[in-house]
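In: my questions concern the predicted model and sequence given below.
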Amino acid sequence: MSNSIFTKDGTAQGVAKQRLIETMAGPDKRVINDPYADRFIMGAGLMKLMGHKLNVWLAEKFAVGFHEHIISRTRFIDDLIEKSATEGVEQYVILGAGYDSRAHRLELPSSLRIFEVDQPEVQDRKRSKLPKGLPNSENVTYVPVDFSHQSLTERLLDSGFDKTKSTVFTLEGVTQYITKEAFNSTMEEMAMLSQEASSIFVLSFVNELLNNKPEDCFGKGYLDPEKKANLIKDLSAKAAGEPWISFYSIEELEGLLAQNGYSITENVTLEDLNSLYFGPVDRALSEDQIFKLEHFVIAKTKIE
């Protein structure tokens, strides 16, 4: 598998930034709470002085609905992990964990074994910034992988992954940055690891319509969708140094998952989650503010 999955932390910092912005909202107005996000962001102190509303306003200057899109993705996966844990899933593998903090900020049972997979230098940076005595620390195993000469399967097994136990795998905000060959290789390894027990795969992907019909990737009435689509791709490539190289149709993704024993049980975007998450805190977006170019998918191993 290509090591391009875990080469940089620009995107990880960007996502942590949105989690910090959301955390700064009042307890009755926020959708997620991440008390650790500020440790990974340059300029976190200034952001805190600016406050939630001003930071959201600035995010809107980049793309209306972008902040809510990232937060809805975070909350969607949070809910799935918590639900799976209560239903008895025994292992959780975070692929390209970056600055993910679910192991510590969610109320997860001590029976859930968590494996965080990333490049050694990213994990070293993360661990150096986290405080001592974090909740669930004893349940977390860091799995450093150098994909130039190490196998994900071998590293997980060497780290205590149990092929006989049910598992949730997550790959959040990654598929657009890696080749389709690398993505399929990852799924093949997951399928190998899941031959003896059930597994759930949670991932996100960017709709291929962003390239040829961008208006379908935003809500009706969204201002200049084609211009906004190009801006998003350009900024990722030039500013963050992480170009988007892979886009999928739902049919293509379904086929790739099916080849590896998975079937899709849920496929949603911010459009589907807007009222569910932001309605209760009186922050639901109007149709012309919906940012839905990325889909959030839950797939499960097929029962023969």
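Out: Perfect, I can see it now. All values reported here derive from a predicted model rather than from experimental measurement.
In: which parts of the helix or strand where residue 168 lies are buried?
Out: In the assignment (DSSP states H and E), residue 168 maps to strand 167-171. Buried positions in strand 167-171, judged by neighbour count with 16 or more other C-beta atoms under 10 Å: 167, 168, 169, 170, 171. In short, each C-beta sits where N, CA and C put it, glycine included.
In: tell me where the stretch 201-304 of the chain has helices.
Out: Applying DSSP state H, counting those that start in this stretch to the stretch 201-304 of the chain gives helices spanning 209-212, 225-238, 250-259, 270-273.
In: so which of those is the most surrounded?
Out: Greatest average neighbour count among the helices of the stretch 201-304 of the chain goes to helix 270-273 (a mean of 21), per mean count of other C-beta atoms under 10 Å.
In: who touches that one?
Out: Outside helix 270-273, the residues that touch it by C-beta atoms under 8 Å, 6 or more residues apart in numbering are 65, 68, 69, 72, 75, 76, 219, 285, 290, 291, 292, 296.
In: one more time with 10 Å, if that's ok
Out: For helix 270-273, contacts defined as C-beta atoms under 10 Å, 6 or more residues apart in numbering pick out 31, 65-66, 68-73, 75-76, 79, 218-219, 266, 277-279, 285, 287, 289-296.
In: chain center to the worst-scoring helix or strand of the chain on mean pLDDT: distance?
Out: Ranking every helix and strand in the chain by mean pLDDT, DSSP states H and E puts helix 225-238 at the bottom, with a mean of 88. The chain centroid and the centroid of helix 225-238 are separated by 20 Å under C-alpha atoms, centre = their mean, to the nearest Å.
In: and it, what does it pack against?
Out: Judged by 3 or more C-beta pairs under 10 Å, 6 or more residues apart in numbering; DSSP states H and E, the packing partners of helix 225-238 are helix 10-23, helix 44-62, helix 209-212.
In: okay, the longest one in PDB with CA atoms only?
Out: Listed next in PDB are the C-alpha coordinates belonging to helix 44-62 (Å, rounded to 0.1, in the frame of the first residue of the first chain):
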ATOM      1  CA  ALA A  44      -5.200  28.300  18.700                       C
ATOM      2  CA  GLY A  45      -4.900  31.100  21.200                       C
ATOM      3  CA  LEU A  46      -5.900  33.800  18.700                       C
ATOM      4  CA  MET A  47      -8.800  31.600  17.500                       C
ATOM      5  CA  LYS A  48     -10.100  31.400  21.100                       C
ATOM      6  CA  LEU A  49      -9.900  35.200  21.500                       C
ATOM      7  CA  MET A  50     -11.900  35.500  18.300                       C
ATOM      8  CA  GLY A  51     -14.600  33.100  19.500                       C
ATOM      9  CA  HIS A  52     -17.000  30.700  17.800                       C
ATOM     10  CA  LYS A  53     -19.100  33.100  15.800                       C
ATOM     11  CA  LEU A  54     -16.300  35.000  14.200                       C
ATOM     12  CA  ASN A  55     -14.400  31.800  13.300                       C
ATOM     13  CA  VAL A  56     -17.500  30.300  11.700                       C
ATOM     14  CA  TRP A  57     -18.000  33.600   9.800                       C
ATOM     15  CA  LEU A  58     -14.400  33.400   8.500                       C
ATOM     16  CA  ALA A  59     -14.900  29.700   7.500                       C
ATOM     17  CA  GLU A  60     -17.900  30.900   5.500                       C
ATOM     18  CA  LYS A  61     -15.700  33.200   3.500                       C
ATOM     19  CA  PHE A  62     -13.900  30.100   2.200                       C
END
